[in-house]
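Participant: Following is a predicted model, sequence given first.
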Amino acid sequence: MSSSPKGSTGKAWRAESDQVGHEVGPKSDLTVVFQPVQADSRATSAGNGGARGASGGGDISRAAASLEARQVTVEYPGVRALDGVTMSFRGGEIHAVVGENGAGKSTLMKVLSGSVRPTRGATLLDGASVAFEQPSDALRAGIAMVHQELNLVPTLDVAENVTLGREPSALGGVAVDRAAQRSRAGELLASLGAQIELSREAGLLSVAEAQFVEIAKCLASDARVLIFDEPTAVLGEQDAARLLSRMRALRDEGRAVIFISHHLEEVVAVADRVSVLRDGALVQEFAREGGALRDAAGAAVDEHALAAAMVGRALGSIYPEKGVARDAEPILQLAAFGAVGRSAGIDLAVRPGEIVGLAGLVGAGRTETAEAILGLRPATGTVFVNGRARAFRGAKDAMRAGVAYVSEDRKGRGLHVTLSSIANMTLPSLDRHARLGGARIDESGERAVARRWIDAFAIRCARPASPISSLSGGNQQKFALARWLETQPRVLIIDEPTRGVDVGAKAEIYRIIADLAAKGLACVVISSELPELIGLAHRVAVMREGRIVGEVDRAGLAAGHCEERIVRMASGLGDMKERTA
Amino acid sequence: MTTSKSRDAFSIQRFLERWGVVVAFVLLFVASCLNQGFDFLNAENIRALLNSNAPVGILAVGMTLVIISAGIDLSVGSMVVLSAAVGLTAVNWLIGKEWGEASAVWLGVGTTLLVGLAAGSLNGALVVFGRIAPFIATLGGLAAYRSMALAIAEAGEIRSQSDALFRKFGREGIPLAWEVPGVEGAESTFRGLLNSGGKPLTLPYSIIVFFVVAIIAQWFLSRSRFGRHLIAVGANETAARYAGISVEWVRFRVYAVMGLLAGLAGFLQASRMNSVSTSGLGVAAELDAIAAVVIGGTSLRGGFGRVWGTVLGVLILGMITNMLTISGVSPYWQGAVKGAVIVLAVLVQRGSRA
């Protein structure tokens, strides 16, 4: 709704050399020198695409650097996470940092935001060396980070979370000015185009809503440098587009925006500058010139070129060949099914060997429907498995009938991050390793199973007995998948199979899912990444507001404009007659 | 489920987080030796230390499991007194009904354990099915179970009517010395561990029960399906549910086991005293038990813990009391020292344990 975030011009913070003092407020001891930035109306108002005009780009390249990492090296015992990286971030620029998982992006951001101190090297703010002891120091200096992990206080409401730590006070500081708090939070959320009830408890928010609250919280600090670490990972396409346009507006206000994303299309669309990290070192930089990202030689680059720079080689298609669904009775069938209060009237049949995609915006009720199938939340309607009506009472009950669900929320629901990889691996199938009526677990059997899946899925896991949190997202995801395959399911529901997973591991996970389907599993893939669904699924059902509003079949998926069609259906635009069987 | 962090560089803080309880135990042990000379190392002294701490030790072992499940049980002291009071009343009633002593006592033992199990199960049911926070549910138990025990004996003492058998369990044990008949009319002598009077030293049943309970609990924690589920539920209840674990059943069982162990501790105490003081038995036992668990390095957040640490925690608290008493520190001040030790233990061990 608010695709022109500059509407709140009163808040627009443009640091110019002659008006720094009162605008900066508590940070006035810092000398801030930003070049005035020419507003580029095309870039701010465009919902996507948003190539910046040549004039804006030219100015920015001459803008004073505001934050710089100089020769930063970070060593952990046995690992060099960053190796002499020098990178400068300027006001009025969106600077994307890309790289595979483990390339050092997050470590660099942690250095900039004060939560990790470099082994060697320095951080320079406006040319002066700064040493942050902790994130609050960086925040005081005007550097705010939207973390990948959501850090909301679950028992406080949305307005309280947004203004946490800088509550507007009343009665001379002894009370919180609730009205001001709510209006401030409301403004910030509205500027992001997010409609979230201010009085809802943060613990009840969906992941996407929580992400918006987290971002609003960061904006509330009015920082000069904003670091967005995978902000769109949990957002649907529309929400992501809204966020990107807000990022452009922040840049046009003169702030330095640092953007980390696995979504390379987004990077190509919004970044003014792109730095590519590989194995802890800076390997390449691209800058926008004349509306396109260009390499040093001046050639325009697209997301494929970025991906190639990230992995150091050209990538083929990351989607495997689609197999043929078997001409058999459906294994999983939903009839007038729904999750109470979140979805209803869903009819869906999945045959052996078939991959059915479930598309929709965040909040469309896809995850809730999957959870209702398992009995993890109250359901209406009927689930048939192999033709038999079933009402599962929980994950174990569903598992016995051959239905497995891999959660979208790897850290909170999918895995036990504090437990070892082995324990995580065998948790759903632990009964198989139980001896003496459960009094003893066959640990060597467990190790063997973990080893088998590590080999089968090429999981990089040197110490299976160490906490699984030490693995990268992609390797964790492979374990999350493997633990359910070990229960030998016939129906596999995978929710956001590649969230927070790097390009290389993505391709491997797609390959695994395709192989499973080829072996006769019925797969349901829930994803907010449309290219993933289009590239992987045999057909895609689109959900909106708890109902299936359309379906795109295999031929439709192969057609050119299917992505646009799905987005229209998911967002309720366009005519519903387009409902194809 | 404990995993080595060997790839990380050695750091004192990390070492203490993990092994602080062992260091503290060794330091205290050495300090006790220096303080009391080699009297401390005397087998009789060690036996007394273990024996007097066995009942609270049994409670602490159960409490370790409860805390690993991210719960707490404040009612353990009250379960001790209720089960002991009901059990001993049953013994006396049966003896009054002209039952044989043996059958009366054995039935009484069974009753004691069953009352503990029932009280623990009620706690579990309130927590799991009543969806009451463990702190509140067992706070209710703390008040209610004690009150029931007081009502049974009108706040007085219940004395055992069993002549000899009932008190055997709490006072006797396995002799650690055997008799060597004297040669050619000389007096027979003993070989093995002897007390200061030259008589055979016994290993009390209480100590045996304590260690057996601890070993079984540690085994179940680290080697069994129940233990794995317990840790998973404590670490992340939602993730456990999504992995197909019956969270309710796991949590219910841990409170039931806690009740059973409270019954066991109650029986040993009643037997040792040959009576039950309904106003005194088990008072503040929950605090000692929780303190031992915390000192032992089990995380109050749940999901991580170790029974062996708790056993050391029990002994550390026991040694401190012992040393303070011998040094002539007023019992009124001993609580302050214990409190400081508990806080110190948490300070040292709270760390980055994920």
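Facilitator: Right, received. Where do you want to start?

Participant: how much space between the residue in the stretch 101-250 of chain A that chain B sits nearest to and residue A:156?
Facilitator: Minimum separation of the stretch 101-250 of chain A from chain B (CB to the nearest CB) falls at residue A:203, amounting to 11.6 Å. Just so you know, the C-beta spots here come from the backbone N, C-alpha and C atoms, and that holds for glycine as well. As for residue A:203, its distance to residue A:156 is 9 Å (criterion: CB to CB, to the nearest Å).

Participant: And the two? Which one has more around it.
Facilitator: residue A:156 (15 against 12; other CB atoms under 10 Å in any protein chain shown).

Participant: Let me see the ranges of the strands in chain B.
Facilitator: B:157-159, B:173-175, B:177-180, B:189-192, B:202-204, B:275-277 (DSSP state E).

Participant: same for the second one, what does it pack against?
Facilitator: Taking 3 or more CB pairs under 8 Å, 6 or more residues apart in numbering or on different chains; DSSP states H and E as contact, the helices and strands that strand B:173-175 lies on are strand B:202-204, helix B:205-223.

Participant: got the CA positions of the helix or strand bottoming out on mean pLDDT in chain B in PDB?
Facilitator: Using mean pLDDT, DSSP states H and E, the weakest-scoring helix or strand in chain B turns out to be strand B:189-192, at a mean of 80. Below are the C-alpha coordinates for strand B:189-192, written out as PDB (Å, rounded to 0.1, in the frame of the first residue of the first chain):
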ATOM      1  CA  THR B 189      39.300 -60.500  64.900                       C
ATOM      2  CA  PHE B 190      37.900 -58.600  62.000                       C
ATOM      3  CA  ARG B 191      39.300 -57.900  58.600                       C
ATOM      4  CA  GLY B 192      38.100 -55.000  56.400                       C
END
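
Participant: Now do the buried residues in it.
Facilitator: Using 16 or more other CB atoms under 10 Å in any protein chain shown as the test for burial, strand B:189-192 gives residue B:190.

Participant: Pull the distance from it to the chain's centre.
Facilitator: 32 Å (CA atoms, centre = their mean, to the nearest Å).

Participant: residues in contact with it?
Facilitator: B:175-180, B:182, B:198-201 (CB atoms under 8 Å, 6 or more residues apart in numbering or on different chains).

Participant: Partner strands of that strand and their direction?
Facilitator: strand B:177-180 (antiparallel) (DSSP bridges).

Participant: Span of stretch A:117-132 from start to end?
Facilitator: 7 Å (CA to CA, to the nearest Å).

Participant: Residue A:223 against residue A:142, yeah?
Facilitator: Yes: Residue A:223 is within contact range of residue A:142, at 4.9 Å (criterion: CB atoms under 8 Å).

Participant: All the helices of the stretch 101-250 of chain B, in order from the start?
Facilitator: B:101-128, B:134-153, B:165-171, B:205-223, B:225-235, B:237-242, B:247-273 (DSSP state H, counting those that start in this stretch).

Participant: next one: the stretch 351-500 of chain A
Facilitator: Using DSSP H, counting those that start in this stretch, helices in the stretch 351-500 of chain A cover A:366-374, A:395-400, A:421-426, A:443-456, A:473-485.

Participant: Show me which residues of the longest one are buried.
Facilitator: What it means is helix A:443-456. A:446, A:449-450, A:453-454.

Participant: angle of that helix against helix A:473-485?
Facilitator: For helix A:443-456 against helix A:473-485, the angle by axes from the mean of the first three to the mean of the last three CA atoms, to 10 degrees is 120 degrees.

Participant: counting contacts, what elements does helix A:443-456 pack onto?
Facilitator: helix A:421-426, helix A:473-485.

Participant: among the ones you listed, which is the most enclosed?
Facilitator: Among the helices and strands packed on helix A:443-456, helix A:421-426 has the highest mean neighbour count (mean count of other CB atoms under 10 Å in any protein chain shown), at a mean of 27.

Participant: How far away from the center of its chain is it?
Facilitator: Per CA atoms, centre = their mean, the centroid offset for helix A:421-426 relative to its chain is 25 Å.

Participant: quick one: contacts of it?
Facilitator: Contact partners of helix A:421-426, identified using CB under 8 Å, 6+ apart, comprise A:415-416, A:432-433, A:446-447, A:449-450, A:453, A:461, A:463-468, A:471, A:479-480, A:482-483, A:486, B:1, B:228, B:231-232.

Participant: And the pLDDT at the residue nearest to residue A:142 when sequence neighbours are not counted?
Facilitator: Using CB to CB, 6 or more residues apart in numbering or on different chains and skipping the chain neighbours, the partner closest in space to residue A:142 is residue A:224 (3.9 Å). On pLDDT, residue A:224 comes in at 88.

Participant: Let me see the contact set for residue A:372.
Facilitator: A:337-340, A:342-343, A:378-379.

Participant: hmm, I was thinking of residue A:405
Facilitator: Contacts of residue A:405 (CB under 8 Å, 6+ apart): A:370-371, A:373-374, A:376, A:395, A:398, A:484, A:493-495, B:242.

Participant: Need the max-distance pair from those.
Facilitator: A:376 and A:494 (15.4 Å; CB to CB).

Participant: between these two, which one's more packed in?
Facilitator: residue A:494 (28 against 22).

Participant: for chain A, which spans come out with low pLDDT?
Facilitator: A:1-65, A:77-79, A:101-102, A:148-150, A:313-316, A:573-581 (pLDDT under 70).

Participant: what's the domain layout of it?
Facilitator: Chain A breaks down into these domains under automatic domain parsing: A:25-149+A:222-311, A:153-204, A:332-410+A:477-578.

Participant: right, so of the ones you listed, which gets closest to residue B:57?
Facilitator: domain A:332-410+A:477-578 (35.3 Å).

Participant: Just checking the distance from the closest one to the centre of its chain.
Facilitator: 18 Å.

Participant: Over to stretch A:167-183?
Facilitator: Worked out by CA atoms, centre = their mean, stretch A:167-183 lies 33 Å from the chain centre.

Participant: how long is that stretch from one end to the other?
Facilitator: 12 Å.

Participant: Other residues contacting that stretch?
Facilitator: A:159-160, A:163, A:184, A:198.

Participant: May I see the buried residues of it?
Facilitator: Of the residues in stretch A:167-183, those buried (16+ other CB under 10 Å) are A:167, A:176, A:181-182.
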